[in-house]
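Engineer: curious how this folds, go ahead:
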Amino acid sequence: MVAICLTQLGDYPNAQSFYRLSLASAYSDRQWQFTGIMHGLVDTYVLANQPESLPRLLAEIEAYKQDRKGNSLEALYAYSMACLLSRRDEEADPYLHGLLRKPKFRWTHAAGKAIEGLVERDQPRFDQALDELLKAHRGMATVGGIRESPEGFLCLQAMSLARLAIERSLTVSAESEYLNNGYLRFLLAQATVT
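Structural biologist: Numbers count the residues shown, from 1 in each chain. Purely as a prediction, here's the structure:
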């Protein structure tokens, strides 16, 4: 994904343009539905900073719940993020239980703990979970399934969770090559201008 590379290179306006192109493409060809990467669609939405497309994202998520892959851990992450994005935090609870039930799957478990920290506005819990998520990503990026793909260079889930944390007045103190704080500041500056 070009957007990830541009994010890591610090070309934030062009990165955002490519996140937006990726989002528009995902909506039009629905390729994400066949590959089961609903979580990627949610993270792309968050990083595109295109709030006017939230109704479309929520419609895609609802449609995906009917799919046979609709109960995967990745899908549970997407469903709980959709609850947070639409300001229905209390509805994330059943999805969080699914994520937290399987600690063996490190990234989804850590993401679930981070979402729980966001819902409860618990800064220490969020910080610890974000660190765990970044460590899990490091493992996948160095020896796991994403080591030879652009997704290995940036933890999209950590980026999305960090953005939501900032919007909820929590701080993001994590430092990692997989978390681009510069892009988060770029998105925050856009939010304060509009």
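Engineer: all helices of the chain, in order?
Structural biologist: For the chain, the helices defined by DSSP state H cover 2-9, 12-29, 31-35, 38-48, 54-64, 73-85, 93-100, 106-120, 123-142, 156-167, 181-193.
Engineer: tell me which other helices or strands the fourth one touches.
Structural biologist: In this case it means helix 38-48. helix 2-9, helix 12-29, helix 31-35, helix 54-64, helix 73-85, helix 156-167 (3 or more C-beta pairs under 8 Å, 6 or more residues apart in numbering; DSSP states H and E). The way it works is simple: take the backbone N, C-alpha and C, and place the C-beta from them, glycine included.
Engineer: same thing with the last one?
Structural biologist: Using 3+ C-beta pairs under 8 Å, 6+ apart, the elements in contact with helix 181-193 are helix 12-29, helix 156-167.
Engineer: now tabulate these in JSON lines and tack on mean neighbour count.
Structural biologist: Listed next are those as JSON lines, based on neighbours: other C-beta atoms under 10 Å:
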{"stretch": "helix 12-29", "mean neighbour count": "17"}
{"stretch": "helix 156-167", "mean neighbour count": "23"}
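Engineer: would TSV of the helices of the chain with mean pLDDT and distance to Ser149 be doable?
Structural biologist: TSV is the format used below for these (pLDDT from 0 to 100; distance: least, C-beta to C-beta, whole Å):
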stretch	mean pLDDT	distance to Ser149
helix 2-9	94	9
helix 12-29	93	14
helix 31-35	62	13
helix 38-48	92	11
helix 54-64	91	22
helix 73-85	94	15
helix 93-100	93	23
helix 106-120	96	15
helix 123-142	95	9
helix 156-167	96	12
helix 181-193	88	19
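Engineer: between these, which gets nearest to Ala174?
Structural biologist: helix 123-142 (5.0 Å; C-beta to C-beta).
Engineer: who are the packing partners of that closest one?
Structural biologist: Going by 3+ C-beta pairs under 8 Å, 6+ apart, helix 123-142 lies up against helix 106-120, helix 156-167.
Engineer: returning to that earlier point: quick one: closest of the helices and strands packed on helix 181-193 to Leu57.
Structural biologist: helix 12-29 (8.3 Å).
Engineer: centre of the chain to the closest one, how far?
Structural biologist: 15 Å (C-alpha atoms, centre = their mean, to the nearest Å).
Engineer: so which residues make contact with that helix?
Structural biologist: 1-4, 6-7, 31-32, 40-41, 44-45, 47-50, 53, 56, 60, 182-183, 186-187 (C-beta atoms under 8 Å, 6 or more residues apart in numbering).
Engineer: out of those, which are buried?
Structural biologist: 1, 3-4, 6-7, 32, 40-41, 44-45, 47-50, 60, 183, 186-187 (16 or more other C-beta atoms under 10 Å).
Engineer: turn the helices and strands packed on helix 38-48 into JSON lines, including distance to Glu91.
Structural biologist: Formatted as JSON lines, the helices and strands packed on helix 38-48 follow (distance: least, C-beta to C-beta, whole Å):
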{"stretch": "helix 2-9", "distance to Glu91": "29"}
{"stretch": "helix 12-29", "distance to Glu91": "23"}
{"stretch": "helix 31-35", "distance to Glu91": "22"}
{"stretch": "helix 54-64", "distance to Glu91": "12"}
{"stretch": "helix 73-85", "distance to Glu91": "5"}
{"stretch": "helix 156-167", "distance to Glu91": "15"}
